[in-house]
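Novice: Next comes the sequence, and after it the predicted model I'd like to discuss.
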Amino acid sequence: MPFQKTFRILLEEDNTDGSILDSFGGASFLALNGTDASGAMNADSVVLGVDGTAAEGKPTWLSEAADGSGDYAKEKCIATNSGWVFMPGSTATGSDNTNSQPEVIECHRRLKDTIDVPTGRQVTIGTGTSKTTFFPDGDTFTGEASSDLGDVVVYVYYNEPINVTGTPQLQLAQATALGSSFGTIMDFSSSFSDLTNGIMAFALPAGEDTRTSNVTNNTLGVNSDDAISLNSGTIEKMTGDRVVLEDVIAAYGDNDSEAGIMLENEVGHLLEEAGGGMPADLTLELDSDASFTAVSYTHLTLPTNREV
C-alpha cells in the first residue's frame, strides 16, 4: 500500500461563464479544514491524499520471517510517528523492558499517521506462549486427539498499531501445497494478541484432532496470500496515540501530592484523538507460505529384562 501525503485543497468560486474569478478581486474561497476563525490559513490543518509512488513496507534490510526469526526480523518492527522502530523489549534494543521507549531504526516524521491502511506482511506460527515455535523456528508439532486452546496460534504482524472489534477469523490450511482447509476456522484471540504493536493472533480452537491421521501430508500452515475474514468484526488503523496512565504530581491548595492520570503520545503531546480509522488490508502479503510439520504422539514401550 502507498504512503499518504498531506496537502491542502482549495476550492475557488468561478464566474457564470466558467472562468475563475480574480483572486484579488473579491473571489470566494473554501479551504477544507484549512482556516482558523479569522479566515487565515492554519498551518496545522491538512487534508490527506494518497501518493501511489511510495511504498510503506518495513525497512528492506530487516529479515523476513521465512529467513528466520532473528533479532532483526521484520516482525519486530512497527511504524510510529518517529519512524520505524523496534518494539520495546526486542533483543536488538538491548533491553527486555517492554515498557521502554521504542528504539528508532529509521527516522520518518509522522510515519504512522501518514502511511495508508494497515497491512499484514509477516506471519509466525507458534503457541500461546511462544510466537515462532513452528514457523519460522521449525519445531515439529506433536498432534493429539483433542487439542487445547493455544496449541497452535498464527500471529499476523501489521506494520502499525491496529484496533480490532468482534471476532475476525483466519483458516488454517493443510497438505503439502496448503491446498485445503484444516479443522474449525481460527478465531481472533485478544489474549494472545498485542494490538499496540500490530500483532494479531488467531488460535486453533480446543478439541481439534491434530493427529497425523487427520492432517493431510503431515503439513499445516498459512498461504502467502490467504485472507482474513472479518466475520462481522473490524480491523482498523489506530488513529490515536497511546494513552499512558501513571502517577503524576498534582499541586493542590494544600500542596498534597495526589495520584493522577497523564495522557500523552510518544512525543509528549496530549492525546487528541483515538479509536478506529481506515480498514486494514485483509489479504496477507507474505514473502512465502508459512508451514510446519505435524507428527503424532507415539508411546514407546521399552524392553524389560526379567530375572528368574
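Specialist: Yep, that arrived. Because the structure is a prediction, the values reported are computed rather than measured.

Novice: Tell me how far the closest residue in space to residue 209 that isn't next to it in sequence lies from residue 70.
Specialist: Spatial nearest neighbour of residue 209, excluding adjacent residues (C-beta to C-beta, 6 or more residues apart in numbering): residue 145 at 5.7 Å. (Glycine included, C-beta is placed from N, CA and C.) Distance, residue 145 to residue 70, using C-beta to C-beta, to the nearest Å: 36 Å.

Novice: The residue nearest to residue 209: helix or strand, and which one exactly?
Specialist: According to DSSP states H and E, residue 145 maps onto no helix or strand at all.

Novice: roughly how far apart are it and residue 154?
Specialist: Residue 145 sits 22 Å away from residue 154, taking C-beta to C-beta as the criterion.

Novice: now residue 164
Specialist: 15 Å.

Novice: which of the two has more neighbours?
Specialist: Neighbours per residue (other C-beta atoms under 10 Å) separate residue 164 from residue 154, with residue 154 holding more: 28 against 19.

Novice: got a pLDDT number for the residue lying closest to that one once chain neighbours are set aside?
Specialist: Nearest residue to residue 154, sequence neighbours excluded (C-beta to C-beta, 6+ apart): residue 202, at 4.7 Å. Looking at residue 202, its pLDDT stands at 98.

Novice: what's the answer for residue 159, then?
Specialist: At residue 159, the predicted lDDT confidence score is 92.

Novice: Who are the contact partners of the closest residue to residue 90 other than its chain neighbours?
Specialist: Computed as C-beta to C-beta, 6+ apart, the closest residue to residue 90 that is not its neighbour in sequence is residue 76, at 4.6 Å. For residue 76, the contact set (C-beta atoms under 8 Å, 6 or more residues apart in numbering) comprises 62, 86, 87, 90, 92.

Novice: In TSV: those, plus distance to residue 116, neighbour count and secondary structure.
Specialist: Below are the contacts of residue 76 laid out as TSV (distance: C-beta to C-beta, whole Å; neighbours: other C-beta atoms under 10 Å; DSSP: H, G, I helix; E, B strand; the rest coil):
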residue	distance to residue 116	neighbour count	secondary structure
62	20	22	coil
86	22	21	strand
87	21	21	coil
90	25	22	coil
92	27	16	helix
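
Novice: And the average pLDDT for stretch 228-242 is what?
Specialist: 84.

Novice: burial count for residue 279?
Specialist: Neighbour tally, residue 279, other C-beta under 10 Å: 13.

Novice: That one contacts residue 234, doesn't it?
Specialist: Yes. Counting by C-beta atoms under 8 Å, residue 279 touches residue 234, with 6.9 Å between them.

Novice: looking at it, residue 225 is touching residue 287, isn't it?
Specialist: No. Counting by C-beta under 8 Å, residue 225 does not reach residue 287; the two are 11.2 Å apart.

Novice: Of the two, which one has the most company?
Specialist: Shown here are residue 225 and residue 287; by other C-beta under 10 Å, residue 287 has more neighbours (15 against 10).

Novice: can you count the residues close to the residue nearest to residue 209?
Specialist: Residue 145 has 13 nearby residues by other C-beta under 10 Å.
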